[in-house]
Structure formats: C-alpha cells, structure tokens
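Novice: What follows is a predicted protein model with its sequence.
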Amino acid sequence: MLITSVNNEKIRELSKLQIKKYRDIQNKFLVEGDHLVNEAYKSGYLLEVFVLDENKYDFNNVDKIIVTPEVMKKLSEQETTPDIIGVCTYINNTLSDSNNLLILDGIQDPGNLGTIIRSAVAFNFDILLGSNTVDIYNSKTIRSTEGMIFHINFVKDNIQSFVMYNDKYDYYIADMNKGVNIKDFNRAGKMVAVIMGNEGNGVSDATRNIINNYVHIGESDKCESLNVGVAASIIMYELGDK
C-alpha cells in the first residue's frame, strides 16, 4: 500500500495521536525510528509500520505502508524525519510481583520520566503514575526511555486512593533532608514504595498528609538539589534488585 497525500484520512487520524486526548480515545501511540519500532515489535505491541523504503523493513504479521517524505513528516514530531514510524497499542497497565514501587507525584518533565523508567527497568521497580504526572505516551518520554517503555510494569492511579487501599507497602517520601539516609535504609525484606515529587514543588500536600515516613540522599553541602530523574535513579539503585 502506498500513501502520498498528507490529507489521506488514515494519515489525518494517525497524526491526531500526537495529542494525548486522541491517544486515550484510540488506545494507540506512535514510535519513531528503528530502535523503538524494533522494541515495540519484540514486545508484541506493534500494530503497523509506515516506511519510506519498502525493501528496508520486514516485520512478520505487521502491516507495512509505504509513504512519501511529506507524509512521514506529517506523522513525525521530530525535527529530522525518520525512515520508519510504528503504530503501537497501549501497554498493559499492571504491577508485577516486585517488592519495589516508585510513585510519581506530579513529575512534569517527559525527559525525567523517561530516565526514571529506564532506571526502574534496570533495578526492578514498578511505577505508579499519579494523575498529575506527565503522560507516559508523550513522544519525548517515549524517546527518553530508549525502548524501556515496553518493559516497565506500571499503573495510573490516584495516589491517595492507592495508598489507602494497598497496605502491603511501606511508604516513604523522598525528601532533601528529612528521614532516613538511603545508605542507612533497612527494608527488612518488606515491600517498599518511594514517592518522588514534582520538579519544582516536591511531593504534594495531599500525599504528605497521609505518609509520615521519609528517606533522603546524603548530598554534599555544595549541591542544592538533584534532578528528580537522577535522585530517583540513585534511590532505586540503593533499594532495588541489581
């Protein structure tokens, strides 16, 4: 199949996937470039691909549509138009049997979320995305995960409701100064959930009102604060399964 017009009905519908509202309606999202498309294919989430060169790619049981550079540019959100774009179904939202959970309360930067997802996969953490956290299917988030979006176990939920109805975890808020130093943390075999807050404002008051335990990283006095992606990665490294 060949599509040459940016006004093609299928292309117009797929280009809407650049907007969260339409991603949620269709339960689909786009990935760009060889690596992400291959990760989607290996993970079973790839539905179809759009390519510039019909002889360059071949995915068994996945429809391949040839498009012009103009059409590819219409679908792409990058400055440099890729050779391939994949359409993927939403990833199954579920928690694993891991003893480790990272809760994200208002993370807004898609790059930070991507970094956190990569570290969560590396150190065997599940993720809870609070309702006020950036969309996991944001194109910048997807690129920042380097394909690990297809390997993370996550759910989306209201944090306060989740904490209220899931008492199997010991909950800790990550703080600059308060609580147990991560180096001295003793989880004693328990299931642990750590809450990371917004880049500018930290953990919300609503979350602080229901959790009294804190953990912190012992930073040098010369460092005022750590990027939330870096801080989360350090905490997961110290607490997680390596």
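Specialist: Done, it's in.

Novice: Going by C-alpha atoms from here, please, whenever you check contacts or count neighbours.
Specialist: OK.

Novice: what's in contact with the helix or strand of the chain with the lowest mean pLDDT?
Specialist: Comparing helices and strands within the chain by mean pLDDT, DSSP states H and E singles out strand 180-181 as the least confident, with a mean of 90. For strand 180-181, the surrounding residues in contact (CA atoms under 8 Å, 6 or more residues apart in numbering) are 214-218.

Novice: and the residues you listed, which are buried?
Specialist: Using 16 or more other CA atoms under 10 Å as the burial test, those include 214-217 as buried.

Novice: Export the residues you listed as a markdown table, with columns for distance to I19 and pLDDT.
Specialist: What follows is those, written out as a markdown table (distance: CA to CA, whole Å; pLDDT from 0 to 100):
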| residue | distance to I19 | pLDDT |
| --- | --- | --- |
| Y214 | 36 | 95 |
| V215 | 36 | 93 |
| H216 | 36 | 90 |
| I217 | 36 | 88 |
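
Novice: Take the residues you listed and write them to CSV, including secondary structure and distance to V203.
Specialist: Output for the buried ones among the contacts of strand 180-181, formatted as CSV (DSSP: H, G, I helix; E, B strand; the rest coil; distance: CA to CA, whole Å):
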residue, secondary structure, distance to V203
Y214, strand, 11
V215, strand, 13
H216, strand, 13
I217, coil, 16
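
Novice: Name the nearest of the residues you listed relative to N55.
Specialist: Nearest to N55 out of the buried ones among the contacts of strand 180-181 is I217 (CA to CA; 51.4 Å).

Novice: which residues in the chain form strands?
Specialist: 2-3, 28-32, 46-51, 63-67, 84-89, 100-105, 126-130, 154-157, 169-174, 180-181, 191-197, 214-216 (DSSP state E).

Novice: Mind telling me which of these the model trusts least?
Specialist: Comparing mean pLDDT across the strands of the chain, the weakest is strand 180-181, with a mean of 90.

Novice: and this structure, what are its domains?
Specialist: Residue ranges for the domains of the chain, per automatic domain parsing: 2-89, 100-239.

Novice: worst average pLDDT in the ones you listed?
Specialist: When the domains of the chain are compared on average pLDDT, domain 100-239 comes out lowest at a mean of 91.
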